[in-house]
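> Provided below for reference: sequence and predicted model.
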Amino acid sequence: MLHRRDALLQLGTIGLGGLTLPQLVQAGSTPRTLTAHGRLSPTATAKSCILVYLWGGPPQQETFDPKIEAPDGIRSQFGATATNVPGITICDQLPQIARVTDKLAIIRSYTHSSNIHEVGVNYTLTGRFKDGLAVPRNMRSRSDFPNLGSVVSYFSPTGSLPASVTIPRPIGHDGVIYTGTHAGFLGPRHDPFEFQAPGEVNGPPPHCLDLPTGLDAVRVQSRVGLLNVLEQTERRLQQQGDPRSQAGWDSAREQAYRMLFAPEAKGAFDVSQEPVMLRERYGRNEYGEAFLLARRLVEAGVRLVTLVWYYVCPKDGNVANVWDNHGGTPSLNNLTGRQMLQEYYCLPSLDKGYSALIEDLSQRGLLDETLVAMMGEFGRTPKINPQAGRDHWGPCQSVVLAGGGIQGGQVYGASDAQGAYPTQNPVSPEDFIATIHQALGIAPDAEVFDQQHRPYRVCDGQPLMPLFG
C-alpha cells in the first residue's frame, strides 16, 4: 500500500485537481453488476455527457427565447440575432453561440411548478420533486435521491478516473452544500468527484477568476486538497472507533492513490497542457477553464461532468448565483439585472466558453459521442422588475442539448407570446433527465437500490425521442 506521505510528495508534482471531499476516494469501488432492472440499453448514442448548470435561473428572454414582438417591459432587454439556422433567432448577446446553432437543439418549453432555488436545484438534478426543503439551508444527506451524475456512476464500470465529476465546485453557500448534488442513498462510492466545497470565504476567493499567465486553478489547489481529505477523514474514523470503517477507509485510500498516479488521470486535470491559443478561445477565467477542463475529462473517459456556474465576489468573498438576476445585489455593486447579464460572469463568458466547447468537441470528432446539456433550476418572469431584472419563474425555461446523437439546428416546443408558459410539447425535469439517460444507454426501466435494498426507478420521465437524429 502507498503511504500518505509518499502519495502527497508525488501529488505535488503532477498537477491534479485539489481533492477536497472524502467521497472522492470511494468513487471507484467495485463496479455495479447490472440486472434485468438495471441494464444498459443497446440504443446508447453518447459515451459521456457535460452538464452546464447555470445556477440561479437564466432568463429565457435574454438567452434563447427573446420574444422581441412582446410589449416593452416583457420582451428581451437586448435585441435578437439570426443564427446559422434559418428561422432560429436567439439573444444578440450570444453571437458566437449563434454561429454553432446548427449543432444545438433548443427546448423552449421546459417547465415545473417551483420558484424556489433549493427545490428547483434538487428537482432538476434528480428528477424528484421534493417540497418542504429548508430554505436556505437544505444540506444534502444520505436519505436524498441520487443526482444525475451519481446514477450514471452506478451504471458505469470502475476506472482510473471517477465516472462523475463536478467542477469547479458543487452548488452551495455558507458552508451548506445543496440537496441534489451527490449520491444520496447510493452512498459515497457514487458521489461525484468535487474539487472543493462551496462556502463563504474571508479575503480573496480561493479559486481566482482571473488567472495569472501559465497558472491554472486546478494546480493551485492540488497540494493541500488531498492532505485535508486524508487527515480529516482519518480523525473522524479514529473518533468513531469503528474498525470496519477504518478498514474501509484504508482500502478506499489505496484505490485513490492508484487513480492519482494513472497516466490518464495525471493529464486529464492539467489544462496547462493545452495550446495558449485554445485557452484564449475558451476564455482565461474560471468559466473558460472549466469548459476546457470538462472537454479534457470526457476525452479521458469521465462519463458525466457537471459544470456549476457561480461567482465568488472579490469585494466580500460571498458566493453569488449570478444568473439570479433580480438586480440590486450589494456584493455585485448594486448592478441592475440587465447590467449583471452583461458582466463577464454571465453572458459574455457563456457565449465564449460554450461556443468554444461545441467547436472544439466537433473538430476533435468528439461531439457525436458527447452530449452537452445546459440548464438552470428555473427561468425568469415575463415582467421586468424595477431593478431591470427578472424574478424566479418555474413555469417556463429554455434549455439546450447538443451532440451525443441529438439532431442539431432545431427548436423543440414553444412558449406563449410573453415567454410565460409552454404552448407546445411541455418538457418536465423528469423528461429532460430521461433524455440524458437515453443518450447514455441507461434503460428507462433501470432501477437503483437504497441502503435497505428498496428499488427505485431511475427516472419517471419519457425521453424526447424526436430530438435524436
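Looks like it arrived, so ask away. Residues are numbered from 1 along each chain as shown.

> Only C-alpha atoms from now on, for both contacts and neighbour counts.
Fine.

> okay, stretch 160-171 in CSV with CA atoms only?
C-alpha atoms of stretch 160-171 as CSV (Å, rounded to 0.1, in the frame of the first residue of the first chain):
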residue,chain,number,x,y,z
SER,A,160,-8.8,5.2,-13.1
LEU,A,161,-11.0,8.2,-13.2
PRO,A,162,-14.3,8.6,-11.4
ALA,A,163,-17.5,8.3,-13.6
SER,A,164,-18.9,11.6,-12.4
VAL,A,165,-17.0,14.9,-11.7
THR,A,166,-18.3,18.3,-10.5
ILE,A,167,-16.3,21.4,-11.5
PRO,A,168,-15.2,23.8,-10.1
ARG,A,169,-17.4,23.2,-7.0
PRO,A,170,-20.9,22.0,-6.1
ILE,A,171,-23.9,24.3,-5.5
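
> for it, the distance to its chain's centre please.
For stretch 160-171, the separation from the chain centroid amounts to 9 Å (computed by Cα atoms, centre = their mean, to the nearest Å).

> tell me which element residue 51 is part of?
Residue 51 belongs to strand 48-53 when assigned by DSSP states H and E.

> Tell me the helix or strand right after that strand.
Next helix or strand after strand 48-53 toward the C-terminus (DSSP H and E): strand 80-82.

> average pLDDT across that next one?
On average, the pLDDT along strand 80-82 is 98.

> Next secondary structure after that strand?
For strand 80-82, the following helix or strand on the C-terminal side (DSSP H and E) is strand 89-91.

> so how far does stretch 81-98 reach from one end to the other?
7 Å (Cα to Cα, to the nearest Å).

> Please read the previous query as pertaining to stretch 132-145.
First-to-last residue span, stretch 132-145, Cα to Cα: 15 Å.

> neighbouring contacts of the strand holding residue 51?
With contact meaning Cα atoms under 8 Å, 6 or more residues apart in numbering, strand 48-53 is reached by 294, 298, 301-309, 369-376, 404, 436, 440.

> pLDDT value on residue 428, please?
We have a pLDDT of 98 for residue 428.

> ok, the closest residue to it other than its chain neighbours - how many residues close by?
Spatial nearest neighbour of residue 428, excluding adjacent residues (Cα to Cα, 6 or more residues apart in numbering): residue 111 at 5.4 Å. Applying other Cα atoms under 10 Å, we find 22 residues neighbouring residue 111.

> cool, residue 464 as well?
Using other Cα under 10 Å: residue 464 sits among 18 other residues.

> distance of it from residue 425?
From residue 464 to residue 425 the distance is 10 Å (Cα to Cα).

> And for residue 117?
From residue 117 to residue 425 the distance is 24 Å (Cα to Cα).

> more crowded one of the two?
When residue 117 and residue 425 are compared for neighbours, residue 117 comes out ahead with 21 against 15, by other Cα under 10 Å.

> who touches the more buried one in this structure?
Applying Cα under 8 Å, 6+ apart, we find residue 117 in contact with 56, 377-378.

> Assign the nearest residue to residue 316 once chain neighbours are set aside to helix, strand or coil.
Leaving aside its sequence neighbours, residue 316 sits nearest to residue 331 (Cα to Cα, 6+ apart; 6.7 Å). The three-state assignment at residue 331 reads helix, by DSSP: H, G, I helix; E, B strand; the rest coil.

> do the same with residue 165
Per three-state DSSP, residue 165 ends up strand.

> so what's residue 114 closest to, chain neighbours aside?
residue 394 (5.1 Å).

> Can you read off the backbone torsions of the one you found?
Per-residue torsions, residue 394: phi -70, psi -30 (degrees, to the nearest 10).

> Over to residue 425?
Residue 425 adopts backbone torsions of phi 50, psi 60, taken as degrees, to the nearest 10.

> So it is in contact with residue 108, correct?
No: between residue 425 and residue 108 there is no contact under Cα atoms under 8 Å: 9.1 Å.

> intersection of neighbour lists for these two?
By Cα under 8 Å, 6+ apart, residue 425 and residue 108 have these common neighbours: 412-414.

> just curious, which of those residues is nearest to residue 188?
Among the shared contacts of residue 425 and residue 108, residue 412 lies closest to residue 188 (Cα to Cα), at 36.6 Å.

> Who does the residue lying closest to the closest one once chain neighbours are set aside form a beta bridge with?
Once flanking residues are discounted, residue 412 sits nearest to residue 107: 4.7 Å by Cα to Cα, 6+ apart. Residue 107 has these beta-bridge partners by DSSP bridges: residue 399, residue 412.

> center of this protein, which residue is that?
By Cα atoms, centre = their mean, the chain has its centre lying nearest to residue 306, at 2.7 Å.

> quick one: whichever strand or helix holds it to strand 48-53, angle?
Under the criterion of DSSP H and E, residue 306 resides in strand 304-308. Angle, strand 304-308 to strand 48-53, by axes from the mean of the first three to the mean of the last three Cα atoms, to 10 degrees: 20 degrees.

> list the helices and strands strand 304-308 packs on?
strand 48-53, helix 148-154, strand 164-167, helix 286-300 (3 or more Cα pairs under 8 Å, 6 or more residues apart in numbering; DSSP states H and E).

> Just give me the neighbour total for residue 87.
Residue 87, neighbours per other Cα under 10 Å, totals 10.

> Can you report phi and psi for it?
For residue 87, the backbone dihedrals (degrees, to the nearest 10) come out as phi 90, psi -10.

> again with residue 190
Taking degrees, to the nearest 10, you get phi -110, psi 10 for the backbone angles of residue 190.

> surely it meets residue 156?
No: in this structure residue 190 lies outside contact range of residue 156 using Cα under 8 Å: 9.8 Å.

> Compare those two and say which one has the larger neighbour count.
For residue 190 versus residue 156, neighbours defined as other Cα under 10 Å are more numerous around residue 190 (30 against 22).

> now that one: how far from residue 456?
Counting by Cα to Cα, the separation of residue 190 from residue 456 is 16 Å.

> What's the mean pLDDT across the strand holding residue 51?
98.

> chain center to stretch 166-177: distance?
Relative to its chain's centre, stretch 166-177 lies at 11 Å (Cα atoms, centre = their mean).

> next one: stretch 281-289
Remark: stretch 281-289 is offset 16 Å from the chain centroid, using Cα atoms, centre = their mean.

> Can you give me the end-to-end span of it?
10 Å.

> now do stretch 409-429
Across stretch 409-429, the terminal residues are separated by 22 Å (Cα to Cα).

> Give the buried residues for it.
In terms of neighbour count (16 or more other Cα atoms under 10 Å), stretch 409-429 has its buried residues at 409-415, 417-422, 426-429.
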